[in-house]
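Q: Structure for this input, please:
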Amino acid sequence: SGKTTFWALGASVNRYTDYTMRKVDGSKTKTTGNNARLIIQPEFNIGTTILSAANARVLLGANTRVPLTFYDEIDDKNAENKDNYHIFSVITEPNILAELALGNCWTVFGGASYNWDVFSMAQDEYTANYKDNELKTKQEITRINMTTNTTTVNAGARFQYSNFALEASISNSFYNNPLEGFNGNNFLANLGGFINF
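A: Residues are numbered from 1 along each chain as shown. Now for the predicted structure:
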């Protein structure tokens, strides 16, 4: 009974600055901090209706993103050291959502999603005494890992009339057993209003 498939493709670019400005002997010196970075993140989301009826439907999907994080090169001119660090990851979030329409204006919904770090590779290149060819040393470290992260469940209700919608929901994240119920930890309440054009 499910025939609708939908998808979205996009990318985001975020720049984070981190520096300290010092004034030494009348001249300003800008020092880059460890958190200065550029993140380029392609994203691909896909979902499909796996069950549907006159007033209900169940959707199954996956949201996938590939963040590429490039930290600014740290150049310690006094110690003559350089540090280059970047991270490449593939993260996917399988999810399921059920909706039930109650009359013409009300809809209740509930679902769950699982955050999975499919692949992550961090590379660090540290060069000491880069100005001295005899004393210069280079150290390269590569870390590869896979991480199973959190399960998040949510439930809520939506009121919609014409082009206006009001939605309220609650969600909770589980780092261990998702069957332990809402325990108050990692609990989040959402309330939003929407105008559709």
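
Q: mind listing the strands for this protein?
A: Along the chain, the segments classed as strands by DSSP state E run 5-16, 19-24, 27-32, 37-52, 56-65, 68-71, 74-76, 81-102, 106-128, 137-161, 164-174, 187-195.

Q: what angle sits between the third one and strand 19-24?
A: Yep, that's strand 27-32 we're talking about. 160 degrees (axes from the mean of the first three to the mean of the last three Cα atoms, to 10 degrees).

Q: By mean pLDDT, show me the worst of the strands of the chain.
A: When the strands of the chain are compared by mean pLDDT, strand 74-76 comes last with a mean of 70.

Q: re earlier: can the strands of the chain go into JSON lines with extra columns for mean neighbour count?
A: For the C-beta atoms, the positions are set from N, CA and C on the backbone; glycine is no exception. Shown next, in JSON lines, are the strands of the chain (neighbours: other Cβ atoms under 10 Å):
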{"stretch": "strand 5-16", "mean neighbour count": "10"}
{"stretch": "strand 19-24", "mean neighbour count": "9"}
{"stretch": "strand 27-32", "mean neighbour count": "10"}
{"stretch": "strand 37-52", "mean neighbour count": "15"}
{"stretch": "strand 56-65", "mean neighbour count": "17"}
{"stretch": "strand 68-71", "mean neighbour count": "17"}
{"stretch": "strand 74-76", "mean neighbour count": "15"}
{"stretch": "strand 81-102", "mean neighbour count": "16"}
{"stretch": "strand 106-128", "mean neighbour count": "16"}
{"stretch": "strand 137-161", "mean neighbour count": "13"}
{"stretch": "strand 164-174", "mean neighbour count": "16"}
{"stretch": "strand 187-195", "mean neighbour count": "10"}
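
Q: Ramachandran angles for S162?
A: phi 60, psi -120 (degrees, to the nearest 10).

Q: Just list whatever residues bridge to F109.
A: On the basis of DSSP bridges, F109 is bridged to E99, G156.

Q: so it touches L102, yeah?
A: No: F109 is beyond contact range of L102, at 10.9 Å (criterion: Cβ atoms under 8 Å).

Q: Look up the closest residue to L166, ignoring the ones flanking it.
A: Distances taken as Cβ to Cβ, 6 or more residues apart in numbering place F159 nearest to L166, at 4.8 Å, with adjacent residues excluded.

Q: contacting residues around that neighbour?
A: Residues in contact with F159 (Cβ atoms under 8 Å, 6 or more residues apart in numbering) are 105-106, 165-167.

Q: Looking at the residues you listed, spot the one nearest D18.
A: D18 lies nearest to E167 out of the contacts of F159, by Cβ to Cβ, at 36.2 Å.

Q: which residues sit in contact with the closest one?
A: Applying Cβ under 8 Å, 6+ apart, we find E167 in contact with 156-159, 190-194.
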